[in-house]
Each structure stands twice: as structure tokens, then as C-alpha cells.
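[1] sharing a model that was predicted from the sequence below.
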2 protein chains.
Amino acid sequence: MVRKRNGRAGGLAIGNNPGRSRSHNRRVVLEAIRLHGPAGRAEIARLSHLTAQAVSNIAGELIEEGLLIEQGRLRTGRGQPPVQLAVNPDGGTTVGVEIAADHIVMVLVDLAGNKRAERFIAAPNADPAHTLPLLTDGIAELRQNGTGTVGRSLGIGVVMPGPFEIEGLSSVGPTTLPGWAGIDAASVIAEATGEAVTVENDATAAAVGERLHGVARDVRDFCLVYFGVGLGLGIVVDGRPYRGAFGNAGEVGHLTVVPNGKPCFCGNRGCLERYASLYALQERFRESGRALTDLSDLHRTGDPLLLDWLDEAARHLAPMVALLENLFDPQTVIFAGTLPDVVIDALIDRMTPLPLSVASRRRAMARVMRGESGQYAAALGAAALPLLETLTPKLDMAPVAVKGDAHAVGS
Amino acid sequence: MVRKRNGRAGGLAIGNNPGRSRSHNRRVVLEAIRLHGPAGRAEIARLSHLTAQAVSNIAGELIEEGLLIEQGRLRTGRGQPPVQLAVNPDGGTTVGVEIAADHIVMVLVDLAGNKRAERFIAAPNADPAHTLPLLTDGIAELRQNGTGTVGRSLGIGVVMPGPFEIEGLSSVGPTTLPGWAGIDAASVIAEATGEAVTVENDATAAAVGERLHGVARDVRDFCLVYFGVGLGLGIVVDGRPYRGAFGNAGEVGHLTVVPNGKPCFCGNRGCLERYASLYALQERFRESGRALTDLSDLHRTGDPLLLDWLDEAARHLAPMVALLENLFDPQTVIFAGTLPDVVIDALIDRMTPLPLSVASRRRAMARVMRGESGQYAAALGAAALPLLETLTPKLDMAPVAVKGDAHAVGS
DNA sequence: AAATTAAATCACTTGAGTTGAGTTATTTCT
DNA sequence: AGAAATAACTCAACTCAAGTGATTTAATTT
């Protein structure tokens, strides 16, 4: 089964009927528990504007299916203490896969977001013929070696370099995966594994991961700047990933930051990605005739090449944060990616003081914070993708072609 | 009655029950008709994924209430020809009000978006004590003098310079309205008029107007650049206005476009608004010791001061369009505002060729287009605000304080 | 030990969408 | 011209799922 990328479905909102209402209400109950933490039926009823009876029925169903568990009663005060409902970690697992040019990262994650197993596969040849067997074998192995009860499989999330929809800027340059051009990755992988597959870009996947299980657990609106090879932006609006009309939203790597700056693969000059990305750092080392070794070590020893790059990257990223704040007005901006935590922290440090923006005011949350999924952000985010659909309420849309583009989107 | 700004409601999606489902399905049916044009019940059923029976029941109800009318049968082919349902222009009217520092514009608009009456009031003193009587009188007069059947009132939309929620950048500078600081405009106006009131900023209101009745009628995702006194951005995502977590999204006037450029009221330097706005044009005239007269005239005669400004504005706006495309990936970017159509067209002309962006590809819609509400864009948009809630399906949210800010939002 | 409070459930009611059969208004075929 | 086919619409019965009100249960307070 191919699971549609949950993005742009298309044209028209669709009507409710009892079945669709129930499925919506199930998601509402699950979301309430995920965001609020374990809660009794009555508490959930208050949160969700449903009656206690309705919540009781739905909770019964979800417990039956293994998605929820009862956690004993909470000592709360007068009255019968509520039976706490929580997401059942053993209710099932998803697999997150990150396919890069020369390696594959796979994680097995349970319903509560705990990593149950992981696997790193060196795979110098990324084309489908070589990759697919590695995936099927890897998944089987993960499920065998996972710690604890590895419940039923709830799907596979895959992160790989684009393009997924219409050709975008990210389809050029060093970030493209050879051999996958023109191939519908989701279908191919679904076929090979026999499971529901969702394909997404690294930044958006990382954002979904942080939203479901990370620092953004109760942040409904945020931007996530992702340091992969290039520079990506994951946008979460009202708790759900935002992808734009054609799936290319958040193409932040190719904002012009230096007029007439370094030429970029995309055809423009002075793109942000040419300065504030891992690729740019690698380039610096290459030009100095050095090999780029472990970044944590380099940071600990205060390597001047790294520090220089940090300064330059921070100088370009700080205005970008203000820009994102002025345009999206998020609750916070999260930095995440394959860089070590200490390096990301150093980067964030160097960005202060941030330029003025609509976010410059009394606030409860830092303007910029680091993600907590570490270097697994993309893979863990990938694993969160299949859950998003079951756990998050949404406005159902009829799949229709989108006007404004020659192609039909969302097949 | 105060109608909440339809923006950020807050925390948690709420559950469905029969009543809420019906109200959702009514909106779905209305939206289907608005977007598809007049259609038969069976056609609507196909569009909305409801059964013909359900649509028939809902349509009956909406006809009963005067929101829809039957328009005879359509000769279509075999089978019984469908009875066309259409939005009933005489089903009701809304009032759109634009309150500026020295004048008030009011329009009376019917359900189909037709302007039934208009009124321009010079009001040099904008404080509440002077403004409120003008509003109540003006509304009464509009409803008396409106052409055709002026049905029941469906609410009032008000556009005025912010701030509405948390203090933002736009609360400083020459765009602020004196006397309204700290006053909940929606409540005050609702009290004075006894009607449902929605308050919004000019750019977002204009976007809603273009979405419901203008060029963006079947564009679900777009950005609207609004030329008021300053420069605003209205963002429509999935057919609904996007305001960000704190209602300050789209603060495009204060993007830095000239490093160390002209100082701005916001505290930064080189803000876009200092170059590409009506205010900047006025400033140029002031500095030349000339009075800014009718812009259409100036354009026809090829006034060099205007042409200069057009060049400079276009030079700064073109990268901004590419920026919006890269971040939001909209179907199109619309330019609208108080500038005459010919001036906006001239501006759009001068922006070609646009920089490369994710929008540079085969497409069915122009990257930039002009709105069709002309200089009434804000007032007409204001009048569309009350309709948005009745006509557009949405995901209902429970109003909860938002984490990430010290204040509780959405009262 | 009795009263109070609140959670959860049972049994019944209600709202609204679905189902399947039946009616009506056209076009197309004979 | 008349019969058959097709499609829109509607009627009546059914079903799903939420709401309502009474009841049970388990704690705290008096």
C-alpha cells in the first residue's frame, strides 16, 4: 500500500458522515492524550469538547486495539480518581529510513517515540536496485532485534533527497540521489516491503519528529531549520506540516543572502546554502586541503576553520531567523540536523543578538532552540510520519488537481 | 456580539458531534457551490463526498434560510436535468469598513460579492469617540440606500491599522491609529452597532476578499502583497487566512532589503517598507517639495518621480516575490492595494524577469498577478470577513492559551 | 460512619447520514 | 410517436455515533 504524502490533497473539503466523524474523534482523543499527557476520560472529554460517554466509547475501542493503555488511578482530590489513559508504547512500531548518497540509516520506533532498534548501513551505491534489498533485509532485522515487545507494524517513513513532486530547486546540485530520477519512490518501496510508505524530505520529517515526540511536542506552529548536506526548512502550521501548493515550500537554502555571491547549482548566486550548510563547511576543508573529521572533536579543540565557518553561518542565519519570524510568526524556530548538538548550540550562541522582528517581545519560549532528536532527527522524523495520520486531526480534503500548475498533483 | 477573529483559536482540535457535522457539511456544500459555480444536488454530492440525499436535505435547509436559490434546470444530456443551485445574492449583506487615520470607507456587499452601496467619510479625527457615531450612522445609511433587496445583515468586517493582538512591529510608525491603543476595537464596535464584528488587518482582509469573490476565487494557496500606507502581506493557506501563532505573520514591510539602509520606525534599517510603499513615494514627493496628486494622472504623464519610485520599488519587490515563492510555494502572488490598477500593473511589469525560485517552471498561473478589487480591496475584503466563517469549512479548535508567549491569546 | 464530590458506565434518546426503492424529466433508440 | 435508457431527485426505513439522565463506584471531607 502506498500512503499518500499527507501534504497537499487538493481541492475541496469533504463532508462528514458518522464514520468520518468517529475517525476524526479518535484522532482528537489521541491528540489530547499526546499533548496533555496521560489523562482520565473526563479530562479528555473537557479538552475535546466531547461528552464523557463518547470519550469512554472511543477510549474503549482504542484500548481494544492496543493504541491506549490504562495506567492506574491518579490521586487527585475529591471524587473517584480518574483512570489515566496513555499511549501504549507497545501498541505498534514504525520504521524510519533515511536514504543518503552513501549510506542508509534505519530506526525502529514505538508509539511513544522510543527508539527500539537502529541500524546504519554503508551503501555507496544508492540506486534502487541496490537499495531495495538492503531496505527489506534491514527492516526484518530491526523487527527481530528490537528491544521489548515489537508490536504490529504501522508503516514506514522514508526520508530521501527530493524531488518528490514537481521539479524544484533542490532537485539540482549535490543533494540529488542518483538512479531515482523519475521513480515514484513511495510506490517502489511499498511494493518491495509490502507496507504503507510515506516519503518526505529531511527537514519536514525532522519537524514532524520534533512535533510528535521532541521539543515541539506542544508547539503548534514552528519552523525547523535542518542541516543536512544542504539546508532545509520544515514548517509546521497548526500542528501539521506545511508544504505549499506544489510541495516545495521551505526552500530556504536558495534564498539570496549575498548579492552576486558564490555561484550556486540552482543558477542564482549567493544562496544561503553556499555559506551556512555542511556542504559549505566541507568545501572550506577541501579548499584547505584538509579532511573533514569528527565535528565534535574539531569543536572541542577549537579548530579555526570550523570556528570561521560558524561565524559566517551565524551571520547569515540570524537574519534568516528574523525573516522566518516576520513571515510565519511561529512560536519558535528549531535548529536540527546532522551536526553534533554542541556545534548547533555554538551556532545558536553566535546568532545572538538576533535582529529585531515581530518575535522581539516578552515571550515564554526562546526564539531559537535546538531539536532534541540529535543526529537521528531525520530518521526519527521519518518514523513519525506514519503516525501523523493516525494521531493528528485534520480537515479532510478531496484529492483534486491544483490549478496554477500544468501537472496534476497528488496522485 | 463580538465575533472572534477567525485566526489562531488555540490548542486542540475538538471532536465532532451530529450538530457540528451538520454545520461543517453546510459549509462544504456552500463552498462547493462557490468554487464550482452553480451545480445540481447530485454534482455537489460528488464534489463533497456526501450522498445525494444528504446534500438534498442540506440544500433544502439553505434554500429555506435564503442562502441558496434554485436556478432552473440545466440542459445537460441524458437523464433528468439537474436543478442548479446557486448562492442567493439577496440572501443577506455584510458591511465592510476601512478605518484610516483621516477617513472611513464603507461598503455594503451582498452574498455574491456585489457592492450594493458605498460611502466615503472624511474623518480627520480617528479616535473612538468620533468614529463610532460615524459608523452607526453610516451603516444605517448604507442599508437604506443599497440597490436591490438588502437582506438581513450577516455581520460587519472592519479593517484598521493594528495592533490587534500582541504588540508587533506594525504598532509603531506612521501607520498606527491614534486613540485606539489598548482598546478592543471589535468589542467596542460590536457594542455600538449591535452586530457581529470581525477586525482584521488590511492585507489579510484583502486576501480574503480576493479569495471569496476576486481573482483568487479558485486559488487555495496564495500570498497577497498589499499596498496601504505601509506594505502588508496577506497569506492564504488551504483556502483560509494564515496569521501565525500570535497574529503577526506576513510582516513583510520590515524585511531588511538594504543593509544599513534608511532608518525605520521599527528600529531596524533598510526595511522594505522604506522603499516600496506608498509612504516611501509620499516621502519622495515631500522631499522634492511637491504635493502627491492623483497617481493615475502622474502615471499617464510619465512623472519622473513616480517612475523612479516604480523602478526602485520593483527592484526590491522582485526578490521578495521569489522569497515568498521559496518559503510558501503559493500558486500565485497577488498585488493589490490603494494604488491605481495602472500603477500596480506598471510595478508588476518592471519586476520581470523575476529571479529564479521554486516557482520557475511550467505553470498554469502567472507568478504575479493584480487583484481585481481595485482600490476598494481592503473594504471589500472587510466585508468578506463575516462570510468566511459561514462559507468555508475549517478544522474546529478549542480556544486555549498558546505556549511560547506570556499572554493568553484568543480571548 | 455519613456526606460530598467526581469519574465512569448503563440504558435510552436523538440527530444526521446512508441505503435502496421509487418518481420524474429528459434524451436516444426503434 | 412510443418505448427504453439515463440521470436527478426524493421517500421511508435503517444505522451509526453522539448526547442525556440516572446509576454505580471510589476516593476525600466532615
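    Now that the structure is in, tell me what you want to look at. Predicted model only: the values in this text are computed from it and were never measured.

[2] what pairs with residue A:197 across the strands?
    In this entry, residue A:197 is beta-bridged to residue A:2, residue A:156, by DSSP bridges.

[3] pretty sure it contacts residue A:155?
    Yes: using Cβ atoms under 8 Å, residue A:197 is in contact with residue A:155, at 7.0 Å. All C-beta atoms are positioned from the backbone trio N, CA, C, and that covers glycine.

[4] out of those two, which sits in the busier spot?
    More crowded of residue A:197 and residue A:155, by other Cβ atoms under 10 Å in any protein chain shown: residue A:197, with 27 against 22.

[5] measure the more buried one to residue B:357 for me?
    30 Å (Cβ to Cβ, to the nearest Å).

[6] check residue A:365 too.
    31 Å.

[7] the two - which one has more neighbours?
    Neighbour count, other Cβ under 10 Å: between residue A:365 and residue B:357, residue B:357 has more, with 25 against 20.

[8] so what's that one up against?
    A:169, A:251, A:254, B:321-323, B:325-326 (Cβ atoms under 8 Å, 6 or more residues apart in numbering or on different chains).

[9] can you pick out the most distant pair from the residues you listed?
    A:169 and B:321 (15.1 Å; Cβ to Cβ).

[10] higher neighbour count, those two?
    Taking neighbours as other Cβ under 10 Å, residue A:169 and residue B:321 compare with residue A:169 leading, 27 against 21.

[11] pLDDT below threshold where in the stretch 101-250 of chain A?
    A:162-176 (pLDDT under 70).

[12] where does residue A:71 fall, secondary structure wise?
    Using DSSP states H and E, residue A:71 maps to strand A:68-73.

[13] no, scratch that, I was asking about residue A:393
    Counting by DSSP H and E, residue A:393 is part of no helix or strand.

[14] can I assume it is in contact with residue B:396?
    No: between residue A:393 and residue B:396 there is no contact, the gap being 9.3 Å when judged by Cβ under 8 Å.

[15] got any residues that touch both of those two?
    residue B:13.

[16] look at these two and report which has more neighbours.
    Neighbour comparison, residue A:393 and residue B:396: the larger count goes to residue A:393, with 27 against 19 (by other Cβ under 10 Å).

[17] what's near enough to touch the closest residue to that one other than its chain neighbours?
    Closest residue to residue A:393 apart from its sequence neighbours, by Cβ to Cβ, 6 or more residues apart in numbering or on different chains: residue B:13 at 3.8 Å. By Cβ under 8 Å, 6+ apart, the contact list for residue B:13 reads A:24, A:27-28, A:31, A:48, A:239, A:393, B:395-398.

[18] ok, 6 Å please
    When contacts are counted by Cβ atoms under 6 Å, 6 or more residues apart in numbering or on different chains, residue B:13 is found next to A:28, A:393, B:395, B:397.

[19] what are the bridge partners for it, then?
    With DSSP bridges as the rule, residue B:13 is bridged to residue B:397.

[20] quick check: it vs DNA strand C, distance?
    From residue B:13 across to DNA strand C, the span is 19 Å (Cβ to the nearest atom of the strand, to the nearest Å).

[21] same thing with residue A:315?
    Residue A:315 is 53 Å from DNA strand C, by Cβ to the nearest atom of the strand.

[22] does that residue sit in a helix or strand, and which one?
    Counting by DSSP H and E, residue A:315 is part of helix A:304-328.

[23] state the number of residues packed around the closest residue to DNA strand C within the stretch 1-150 of chain A.
    Proximity of the stretch 1-150 of chain A to DNA strand C (Cβ to the nearest atom of the strand) peaks at residue A:79, 1.9 Å away. For residue A:79, the neighbour count with other Cβ under 10 Å is 7.

[24] which secondary structure element is home to it?
    Using DSSP H and E, residue A:79 maps to neither a helix nor a strand.

[25] so for it, what pLDDT did the model give?
    If you check residue A:79, the pLDDT there is 88.

[26] quick one: pLDDT of residue A:356?
    Here, the pLDDT recorded for residue A:356 equals 84.

[27] contacting residues around the host helix or strand of residue A:382?
    According to DSSP H and E, residue A:382 maps onto helix A:377-391. For helix A:377-391, the surrounding residues in contact (Cβ under 6 Å, 6+ apart) are A:6, A:30, A:94, A:96-98, A:105, A:107, A:109, A:154-155, A:157-159, A:198, A:200, A:202, A:205-206, A:208-209, A:212, A:336, A:371, A:373.

[28] check the stretch 101-250 of chain A for the residue nearest chain B and tell me.
    Of all residues in the stretch 101-250 of chain A, residue A:244 sits closest to chain B, at 2.6 Å by Cβ to the nearest Cβ.

[29] helix, strand, or coil at that residue?
    coil (DSSP: H, G, I helix; E, B strand; the rest coil).

[30] in chain A, which spans are helices?
    Ranges of helices in chain A, per DSSP state H, are A:18-36, A:41-48, A:52-64, A:128-145, A:185-193, A:202-213, A:278-287, A:295-300, A:304-328, A:341-351, A:377-391.

[31] mind putting those helices into CSV with distance to residue B:278?
    Formatted as CSV, those follow (distance: least, Cβ to Cβ, whole Å):
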stretch, distance to residue B:278
helix A:18-36, 44
helix A:41-48, 46
helix A:52-64, 53
helix A:128-145, 55
helix A:185-193, 48
helix A:202-213, 37
helix A:278-287, 40
helix A:295-300, 49
helix A:304-328, 20
helix A:341-351, 34
helix A:377-391, 44
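
[32] could you say which of these is packed most deeply?
    helix A:202-213 (a mean of 30; mean count of other Cβ atoms under 10 Å in any protein chain shown).

[33] what helices or strands is it leaning on?
    strand A:222-227, strand A:231-237, helix A:377-391 (3 or more Cβ pairs under 6 Å, 6 or more residues apart in numbering or on different chains; DSSP states H and E).

[34] TSV for the ones you listed, including distance to DNA strand D?
    Converted to TSV, the helices and strands packed on helix A:202-213 look like this (distance: least, Cβ to the nearest atom of the strand, whole Å):
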stretch	distance to DNA strand D
strand A:222-227	30
strand A:231-237	26
helix A:377-391	16
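
[35] among the ones you listed, which is nearest residue A:125?
    helix A:377-391 (19.9 Å).

[36] restrict that closest one to CA atoms and write it as CSV.
    The C-alpha coordinates for helix A:377-391 follow below in CSV (Å, rounded to 0.1, in the frame of the first residue of the first chain):
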residue,chain,number,x,y,z
ALA,A,377,16.4,13.8,13.6
ALA,A,378,15.6,12.8,10.0
ALA,A,379,15.3,9.1,10.6
LEU,A,380,13.3,9.5,13.8
GLY,A,381,11.2,12.1,11.9
ALA,A,382,10.7,9.6,9.1
ALA,A,383,9.5,7.0,11.7
ALA,A,384,7.0,9.6,13.0
LEU,A,385,5.4,10.2,9.6
PRO,A,386,3.1,7.2,9.5
LEU,A,387,1.9,8.1,13.0
LEU,A,388,1.0,11.6,12.0
GLU,A,389,-2.0,10.4,10.0
THR,A,390,-3.4,8.3,12.8
LEU,A,391,-2.6,10.7,15.7
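
[37] residue contacts, the closest residue to DNA strand D within the stretch 201-350 of chain A?
    Going by Cβ to the nearest atom of the strand, DNA strand D is nearest to residue A:239 of the stretch 201-350 of chain A, at 20.2 Å. Contacts of residue A:239 were listed using Cβ under 6 Å, 6+ apart, and they are residue A:220.

[38] dump the residue contacts of the nearest residue to residue A:29 once chain neighbours are set aside.
    In this structure, residue A:29 finds its nearest non-sequential neighbour in residue A:58, 5.1 Å apart by Cβ to Cβ, 6+ apart. If you count contacts by Cβ under 6 Å, 6+ apart, residue A:58 has them with A:25-26, A:29.
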